[in-house]
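[1] have a look; sequence and predicted model below, questions after that.
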Amino acid sequence: MATLAPRAFAFCHTFGLTVWIALVEGSGWSLILPGLLLLLWPGVAYVHAARAQHSKHAEFKNLLLDSLLFGIWCSVLDFYVLATLSIGLACFMNNMVVGGPHRMLASMALFAGGALGWGILTGFAFRPYVSAGLDIYQGAGAVVYFLAIARVMYGQNRQIGRSIVEIKFQNRVFHALLDLGVVANRASNIHTLLDDSLKHLHADFPEYGFAVFLQECQRPEVTRYAAVAGLRLDPDDEHRLCRLLATLHEPHASTVKLSEKAVGEQLYATPMAGRLSMYEGWLIVRAPKLDAALERMLTLFVDQLAAATENKLLHLALKKTAERDGLTGLYNRGFFESALQLSIQGKTQSPGLDFAVLMIDVDGLKEVNDRHGHVAGDQLITSVAERLQMHCRASDILARYGGDEFVVLFPSAGLSAANRLAGLVRTHMEDQRCLITTAHGERVTLTLRMSLGCASSTETPAQEVLTLADERMYDDKTQRRKQRALG
Ligand SMILES: Nc1nc2c(ncn2[C@@H]2O[C@H](COP(=O)(O)OP(=O)(O)OP(=O)(O)O)[C@@H](O)[C@H]2O)c(=O)[nH]1
């Protein structure tokens, strides 16, 4: 399509040449009438290329047909030498540009074939020179034609340059989106997810600065999560920005320009607009200006970030429900049993790898429930859980095993670790006072009493460690009951 104008010029110019020669020779309409057919070809070629499924291929074919037609026409014009040279050169060059040496050779063959074929059909006639005026006409036409072709090539080169820039940008966007997916999968919580996502975005697009804020839907003034990368925001700036975003709480569909006065930098905010169930999210970007490409990119990032955050929130909630006890927040029995199975397997595979268990039972919960109600019983359980948690180390697995039973697994420690914790519980919790509020609002002080049982894989086969700890805990309980009865 781009070559329509140069091609139309070339054929019109050749028609002019034909008329000139016809007038000089006096051959009149016998040359001019067939020459008129030449004028039709650029239009036919254009329609052919425009309607073809692959218009580029159709245009390349048209360039080959140009060679054949011009070969015939050079023969018709008795091989007027300047025309033959310039027209032939134009055909070869055009084909070389679009298809390399092979296509140029094909163009040469068609040009020569057209010229020879027509010569054989009509008898060869040679008239290499007509007049100086015609030479000037032909020379000027050739210059205009080659310059017009150069202009077409310049336009196409610029377009290619622009396309390359756009493709590179889209490539970066694509890579950044992939990065976000990987980061989201790896992150163990929302803070890490947002921090790492923004770090990757900033590494992929160092020319922009990014920030993300998740505000509670019901209370937009409360920002629950925030992450920043490549922005110079001090805590005051962050607060100002959060307040500004809270005022934009009405759902926005697209990116909004934020007031420069707020943080001293030109920032744009793209909303996550309903993509998160519990939060209103904003992706902030520092950019010199907002154009269509940047806005498209921000929408993609926001989609990806919102989907990753929502998935992570759901995943964490599910994990919590599956692993944690609803009342105390400690691990539940299911999680403890899976962890215990791993320890048992570990002991089978590496006999030197010991583990230990401590069982803890709160004495008198039934009485608390009966006397003060279940709310008070719940408070007692929660209070014990919190105190136990304080004495456990990060590697200990503390779980609520039953109503008033707690259990601690020491996955890679022996009996001494279990005894150490049992000692701490006896010293710091036994006989401690625990303040609870009954269902009727009365404040009651209870004394904490607990029965304990420790066992380790150095004492009994791995599968029986928990049973042994349980038996020891009941022995302890029986002992304590006897002592209390005596006391
Ligand atoms: N408030 C409350 N009570 C619970 C919960 N789970 C179990 N219980 C109650 O805890 C009591 C446990 O009874 P027992 O095993 O006899 O406990 P205890 O009274 O401490 O007696 P010993 O453990 O034998 O000293 C039962 O009354 C259960 O109904 C809970 O989540 N909240």
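    Great, that's in hand.
[2] what ranges do the helices span in the stretch 201-350 of the chain?
    Here the stretch 201-350 of the chain has its helices, by DSSP state H, counting those that start in this stretch, at 235-247, 260-263, 292-323, 333-349.
[3] any chance of JSON lines for those helices, columns distance to residue 277, mean neighbour count and mean pLDDT?
    C-beta: built from backbone N, CA, C; applies to glycine. Shown next, in JSON lines, are the helices of the stretch 201-350 of the chain (distance: least, CB to CB, whole Å; neighbours: other CB atoms under 10 Å; pLDDT from 0 to 100):
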{"stretch": "helix 235-247", "distance to residue 277": "18", "mean neighbour count": "15", "mean pLDDT": "84"}
{"stretch": "helix 260-263", "distance to residue 277": "28", "mean neighbour count": "14", "mean pLDDT": "62"}
{"stretch": "helix 292-323", "distance to residue 277": "7", "mean neighbour count": "16", "mean pLDDT": "93"}
{"stretch": "helix 333-349", "distance to residue 277": "26", "mean neighbour count": "16", "mean pLDDT": "94"}
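[4] now render those as a markdown table, adding distance to the ligand.
    Below are the helices of the stretch 201-350 of the chain laid out as a markdown table (distance: least, CB to the nearest ligand atom, whole Å):
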| stretch | distance to the ligand |
| --- | --- |
| helix 235-247 | 39 |
| helix 260-263 | 49 |
| helix 292-323 | 17 |
| helix 333-349 | 12 |
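[5] contact partners for the residue in the stretch 151-300 of the chain that the ligand sits nearest to?
    With CB to the nearest ligand atom as the measure, residue 278 is the residue of the stretch 151-300 of the chain nearest to the ligand, at 27.4 Å. Residue 278 makes contacts with 216, 217, 313, as judged by CB atoms under 8 Å, 6 or more residues apart in numbering.
[6] any low-confidence regions in the chain?
    Scanning the chain for pLDDT under 70 picks out 1-2, 249-253, 259-264, 487.
[7] in it, which residue sits furthest out from the middle?
    residue 26 (74.3 Å; CA atoms, centre = their mean).
[8] dihedrals phi and psi, that residue?
    phi 80, psi 20 (degrees, to the nearest 10).
[9] turn the helices of the stretch 201-350 of the chain into a markdown table, columns for distance to residue 174.
    Below are the helices of the stretch 201-350 of the chain laid out as a markdown table (distance: least, CB to CB, whole Å):
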| stretch | distance to residue 174 |
| --- | --- |
| helix 235-247 | 29 |
| helix 260-263 | 30 |
| helix 292-323 | 9 |
| helix 333-349 | 39 |
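[10] out of those helices, which gets nearest to residue 148?
    helix 292-323 (32.6 Å; CB to CB).
[11] tell me where the stretch 51-200 of the chain has helices.
    55-76, 81-122, 132-186, 190-204.
[12] now residue 357: which helix or strand?
    Element membership of residue 357, judged by DSSP states H and E, is strand 356-362.
[13] would you mark the buried spots in that strand?
    Residues of strand 356-362 classed as buried by neighbour count (16 or more other CB atoms under 10 Å): 356, 357, 358, 359, 360, 361, 362.
[14] isn't the second one up against residue 407?
    What that stands for is residue 357. Yes: with contacts counted by CB atoms under 8 Å, residue 357 reaches residue 407, the gap being 6.4 Å.
[15] need the overlap of contacts for these two.
    466, 469.
[16] residues in contact with the nearest residue in space to residue 148 that is not next to it in sequence?
    Excluding its sequence neighbours, the residue lying closest to residue 148 (CB to CB, 6 or more residues apart in numbering) is residue 6, at 4.2 Å. Shown in contact with residue 6 (CB under 8 Å, 6+ apart): 145, 148, 149, 152.
[17] likewise for residue 335?
    322, 323, 324, 397, 399.
[18] 7 Å instead?
    Counting by CB atoms under 7 Å, 6 or more residues apart in numbering, residue 335 touches 323, 399.
[19] please apply the same query to residue 459.
    415, 468.
[20] one more time with 8 Å
    Contacts of residue 459 by CB under 8 Å, 6+ apart are 415, 465, 468.
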